[in-house]
Each structure stands twice: as structure tokens, then as C-alpha cells.
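**Q** 3D model of this:
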Amino acid sequence: MYGPEDRRRADSGAAERDAADHLRGAGGGHPAPGDRGVVQLLAPFKFRGEVPGPAVTITDLAALRSLVPAQGTWQGRALLGGVEVPVVVLISAVTEPRGMLVLLRDDDTPVPAEVLTPAGALWDVVTAHMEGLRNEAVPATLAVSRAAAAARAVAISDLGDVHGAALTSLLAVLRDRDVDDSTARARAVDLAVTALVELRSRADLDRAQVEERAGDAFERLAESLRRVLRGRDVRLDLGLPGAEEGADRIVPSEITSTAAAVVRSSVHAMLDDQGGVSRVHIGWKVVGAVLRATVRDDGPGTLSCGSLDQRRVPERLGPLGGRVEVDAVPGWGATVTIEVPLGPPETPREDPLTVLGARELEVLGQLARGRRNRDIAGDLHISESTVKFHVAKILEKLGVGSRGEAAALAHEWGAAAR
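**A** Numbers count the residues shown, from 1 in each chain. This next block holds a predicted model:
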């Protein structure tokens with residue numbers, strides 16, 4: 001059946017497609033407006049298509065952000081890469097900091113509201129999707145993200161040292177009273193000071209995009225947990241971090257996002273895989289070079305590592321060198337402890353289970369659950385001698401000496417949930 005609601009959805013989808021087509025432009029061999037975009041989202045910013053002038057900087061976008069509203073749309077002319085160009089700006093309030101999309105246009109003709117409204121809705125969808133990826137700490141992207149953040153920080157530090165030294169020397173020479181042309185000296189000093197301030201502001205802006213206070217990250221986590229527990233008869237106790245717990249420590253956002261995602265997964269495991277949980281306590285602090293989070297409940301104490309494996313906790317922590325421990329005492333509740341190093345691993349950790357075949361992974365998953373050879377043979381419909389053969393090959397390929405060591409690797413890398 002195709003009723004009024006279907007027509008409304010179809011009209012909405014058509015409006016969004018029309019908005020995208022309008023912003024992309026059409027034909028004539030000229031650059032299309034949407035083909036020359038600058039995106040600022042969770043990384044400092046990303047380019048798509050042709051870039052005006054020599055380069056668009058973070059400072060350019062920061063200056064543009066001061067002109068636009070807190071959310072919604074804006075159109076006008078802006079200085080990007082040393083060139084004044086007409087732009088359309090979309091601001092999404094879904095994320096914090098708020099995602100900004102800048103579309104460079106070929107003319108100053110205003111874009112009608114019926115186009116901007118669905119375009120803004122599309123941008124909200126994109127930013128919500130990216131925020132979801134960030135919150136869930138998708139394992140495949142974490143190692144690359146951490147390496148990129150570390151390389152960017154080193155590059156900025158080196159660039160700052162070189163240019164800072166050069167500008168400081170320039171200032172010292174230009175302030176020399178032996179220089180006769182005072183007017184030229186004053187102008188040069190002003191230009192050098194401005195350049196030095198801009199250089200430092202770029203580093204500050206870049207750092208603000210990839211790092212955050214540990215205390216701020218905990219506040220975001222607490223708000224998300226309140227939404228999770230809304231409607232459940234479960235009390236949430238928060239161990240708010242203070243100065244002694246490192247609340248003011250600046251921590252890479254990939255670290256805080258991963259730890260927060262694992263905390264949420266632990267809470268879901270406690271509530272969904274156990275019964276009788278009426279209170280959950282969350283702790284969060286920086287200890288030395290490690291971010292440590294704890295999740296404690298007052299349930300029956302039956303939580304297992306398998307519950308976390310099913311929620312991909314080891315996969316999330318693996319690329320960052322993190323670890324998780326479960327301490328469950330029957331009748332007294334369970335405690336999950338998550339530790340994530342603040343610095344990136346010296347070398348990316350590779351999944352050691354990739355050397356195993358499909359059948360060997362099945363056998364390893366059974367081993368991780370404590371199954372005996374006879375039980376494994378029955379479940380997989382193979383002989384017990386074949387199981388022994390697979391177990392021997394698994395130990396050989398993994399370079400371990402016992403079934404317990406193999407089971408530990410299975411839990412660490414998520415094979416127990418496969």
C-alpha cells in the first residue's frame with residue numbers, strides 16, 4: 001500500500017536529493033559548488049575537490065566559524081586560502097564541537113531555503129553517523145587514527161620549534177636600536193608578532209580537535225549512561241574525577257572515546273546478561289600514563305569474559321594496547337576494570353589469530369569456553385582425534401604451550417565470540 005505517510009517520506013527523500021543536486025551544481029565544464037568543499041568534523045578538517053588559493057588553514061576556518069550561527073546555515077563571502085570566495089556553511093548541532101561543512105560556490109546567487117533545509121538535514125545525518133563511529137570506537141580505524149594523531153602532533157611540534165626560533169630571531173634583530181628605519185622596523189615587528197600568534201593558534205586549534213580533558217570526557221560518558229539507564233530501575237553512581245584523579249589531564253580523544261565505549265558495553269553486559277542489578281558505579285581516573293575506568297554492580301556476580309567478547313570489547317582495546325579484567329564474585333556483584341595507555345603502542349599490534357583457518361578458529365572458540373575435546377567433537381560433528389589434531393596445530397601456530405594460553409588469546413582477540 002502507498003498511503004499519505006509513504007508520500008511524505010517520498011517527498012522528503014526527493015527534497016533531500018534535490019538539495020544535494022542543487023548544491024552539486026551541473027554541467028558546462030565549470031567546477032560545481034559541491035565539488036569544492038571543505039569539511040571540518042572530527043579531524044581538524046578534510047578537503048574534497050578544488051581548493052582556493054595556496055592552502056586553506058585551520059585559522060581560516062576558525063575565523064569563518066566566528067561569522068556563522070551556532071547551528072543552521074549561513075551564506076556569504078569568506079577569506080579562504082587568501083582568496084575571498086562565496087560560500088554556503090552548514091552547522092550541525094549533533095556533535096560537540098559542532099560539525100561545519102563549507103561549500104565553495106562559483107557565484108553569489110543565494111541558495112533558496114527549500115534547498116538549504118534538506119541539505120542541513122543531510123549534514124546532520126552525516127555528523128550523527130561520524131559521531132556514532134567515534135563513540136563506538138570502531139577497531140579497524142583506531143590504530144590508523146592514533147598513528148595519524150601522533151604524527152600530526154610531532155609535525156606541529158617540529159614546525160612550531162622551527163618557526164618559533166626563526167620569528168624570535170627576527171624580532172631580536174628588528175628590535176635592535178642600531179636599525180635606522182624605525183617605520184620599517186615597526187611594521188616588520190607587527191607582522192612577525194602576528195605570524196607567531198597565528199602559528200600558535202593553529203597548534204592550539206589542532207590540539208583541541210584531537211585531545212580533551214579527562215574530566216570533560218567523563219561528563220560526556222555520564223550523560224550517555226543516563227540515557228541508557230532511563231526507564232530502568234537502576235541507580236547510577238558516578239565517581240567524579242577530581243584533580244588527584246587527573247580530571248584536568250589532556251588525553252587523546254581516541255583514548256577517551258574507546259574507554260567510554262567499553263564502559264557502555266560493560267554496563268549493557270551487566271544489565272542484559274545478569275538479573276537483579278539495581279546499582280551501577282562508574283569510576284574514571286588517570287593513573288600515570290594509563291586511563292583507568294571501573295564499572296561495578298550489585299548483581300548476582302555471574303558476569304563472564306564471554307559477555308564482553310560478544311560486545312567486541314577486546315577488539316576495541318587491542319589496537320590501543322588496552323586491557324580489560326572481569327572480577328565476578330557470586331552473590332557480591334561484578335567489577336570490570338578497563339585500562340588504556342595514553343600513548344600509542346610502539347608498534348601496531350597484529351591479530352595473532354589471522355594464522356588460523358576457519359575450522360581452527362571454531363575449535364579455538366570452543367576451547368575458550370572451557371569445552372573438552374569430546375564435547376567439541378560432538379558440537380562440530382568431527383572425531384575426537386581430529387579435534388586433538390586441530391588443538392595441536394592451534395598451539396603450534398600461536399606459539400603457546402597450553403590450552404589455557406590459547407584460550408587467553410582467544411578472549412583477548414574476540415575469538416570466543418566467533
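**Q** Output the below-cut-off pLDDT ranges for the stretch 201-350 of the chain.
**A** The stretch 201-350 of the chain contains residues with pLDDT under 70 at 201-210, 344-349.
**Q** Run through the helices of it in chain order.
**A** Counting by DSSP state H, counting those that start in this stretch, one finds helices in the stretch 201-350 of the chain at the ranges 214-229, 253-272, 305-310, 313-317.
**Q** Between the two ends of stretch 270-282, how far is it?
**A** Stretch 270-282 has an end-to-end distance of 13 Å (Cα to Cα, to the nearest Å).
**Q** Show me which parts of it are buried, residue by residue.
**A** Met270, Leu271, Asp273, Gln274, Val277, Val280, His281, Ile282 (16 or more other Cβ atoms under 10 Å). From N, CA and C alone the C-beta is placed, and that goes for glycine too.
**Q** Quick one: residues contacting Thr256.
**A** Thr256 makes contacts with Glu212, Ala214, Ala217, Leu291, as judged by Cβ atoms under 8 Å, 6 or more residues apart in numbering.
**Q** ok, now Gly378?
**A** Contacts of Gly378 (Cβ under 8 Å, 6+ apart): none.
**Q** Run a quick check on Lys397 versus Leu356, I expect a contact.
**A** Yes: with contact taken as Cβ atoms under 8 Å, Lys397 and Leu356 are classed as touching, separated by 6.1 Å.
**Q** Neighbour count for these two, which is higher?
**A** Leu356 (21 against 17; other Cβ atoms under 10 Å).
**Q** Could you measure from the more buried one over to Val387?
**A** Using Cβ to Cβ, to the nearest Å, Leu356 is found at 14 Å from Val387.
**Q** One more: Gly288?
**A** Taking Cβ to Cβ, one finds Gly288 at 44 Å from Val387.
**Q** can you check Arg296 too?
**A** 39 Å.
**Q** number of nearby residues for His381?
**A** Counted with other Cβ under 10 Å, His381 comes out at 6.
**Q** mind checking pLDDT for it?
**A** At His381, the model reports a pLDDT of 90.
**Q** Asp351 against Trp413, yeah?
**A** Yes: the pair Asp351 and Trp413 qualifies as a contact (Cβ under 8 Å) at a distance of 5.5 Å.
**Q** Helix or strand: which one has the closest residue to Glu384 other than its chain neighbours?
**A** Of all residues not flanking Glu384 in the chain, Ala377 sits nearest, at 4.5 Å (Cβ to Cβ, 6 or more residues apart in numbering). Per DSSP states H and E, Ala377 falls inside helix 373-380.
**Q** Could you check that helix and say which residues are buried?
**A** For helix 373-380, by 16+ other Cβ under 10 Å, it's Asn373, Ile376, Ala377.
**Q** need the strands for this protein, in chain order.
**A** Secondary structure of the chain (DSSP state E): strands at 36-40, 46-49, 72-80, 83-92, 99-104, 211-213, 235-239, 250-252, 279-287, 290-297, 323-329, 333-341.
**Q** Highest mean neighbour count out of the ones you listed?
**A** Stretch with highest mean neighbour count among those: strand 99-104 (a mean of 24; mean count of other Cβ atoms under 10 Å).
**Q** Now it - C-alpha only, PDB.
**A** The C-alpha trace of strand 99-104 is given here as PDB (Å, rounded to 0.1, in the frame of the first residue of the first chain):
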ATOM      1  CA  GLY A  99      30.400  19.900  12.700                       C
ATOM      2  CA  MET A 100      30.900  22.500  10.000                       C
ATOM      3  CA  LEU A 101      30.600  21.900   6.300                       C
ATOM      4  CA  VAL A 102      31.800  24.700   4.000                       C
ATOM      5  CA  LEU A 103      30.700  24.600   0.300                       C
ATOM      6  CA  LEU A 104      32.600  26.900  -2.100                       C
END
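**Q** Tell me which strands that strand pairs with, and in which orientation.
**A** Strand pairing for strand 99-104, using DSSP bridges, gives strand 36-40 (antiparallel), strand 83-92 (antiparallel).
**Q** If you average pLDDT over each of the ones you listed, which is lowest?
**A** Among the strands paired with strand 99-104, strand 36-40 has the lowest mean pLDDT, at a mean of 41.
**Q** circling back to that earlier point, Throw the strands of the chain into a markdown table and include distance to Leu317, thanks.
**A** Formatted as a markdown table, the strands of the chain follow (distance: least, Cβ to Cβ, whole Å):
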| stretch | distance to Leu317 |
| --- | --- |
| strand 36-40 | 29 |
| strand 46-49 | 27 |
| strand 72-80 | 39 |
| strand 83-92 | 30 |
| strand 99-104 | 27 |
| strand 211-213 | 19 |
| strand 235-239 | 21 |
| strand 250-252 | 14 |
| strand 279-287 | 16 |
| strand 290-297 | 11 |
| strand 323-329 | 6 |
| strand 333-341 | 7 |
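**Q** Those: which one's closest to Leu361?
**A** strand 323-329 (21.1 Å; Cβ to Cβ).
**Q** which residues are in contact with that closest one?
**A** Contacts of strand 323-329 (Cβ under 8 Å, 6+ apart): 262, 266, 301-305, 308, 313-314, 317, 334-339, 412.
**Q** what lines up beside that strand in the sheet?
**A** Strand 323-329 has these strand partners (DSSP bridges): strand 333-341 (antiparallel).
**Q** List of residues touching the strand it pairs with?
**A** 255, 258-259, 262-263, 266, 269-270, 274, 289-303, 308, 317, 320-328.
**Q** and if we set it to 7 Å?
**A** The contact list for strand 333-341, computed with Cβ atoms under 7 Å, 6 or more residues apart in numbering, reads 255, 258-259, 262-263, 266, 270, 289-299, 301, 303, 317, 320-328.
**Q** what is the orientation angle of that strand with strand 279-287?
**A** In terms of direction (axes from the mean of the first three to the mean of the last three Cα atoms, to 10 degrees), strand 333-341 departs from strand 279-287 by 30 degrees.
**Q** Please export the C-alpha coordinates of strand 333-341 as PDB.
**A** Listed next in PDB are the C-alpha coordinates belonging to strand 333-341 (Å, rounded to 0.1, in the frame of the first residue of the first chain):
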ATOM      1  CA  GLY A 333      28.500  -8.500  42.200                       C
ATOM      2  CA  ALA A 334      30.900  -7.900  39.400                       C
ATOM      3  CA  THR A 335      33.600  -5.400  38.700                       C
ATOM      4  CA  VAL A 336      35.000  -4.600  35.200                       C
ATOM      5  CA  THR A 337      38.400  -2.800  35.100                       C
ATOM      6  CA  ILE A 338      39.400  -1.100  31.800                       C
ATOM      7  CA  GLU A 339      42.900   0.300  31.300                       C
ATOM      8  CA  VAL A 340      44.000   2.100  28.100                       C
ATOM      9  CA  PRO A 341      47.600   3.500  27.700                       C
END
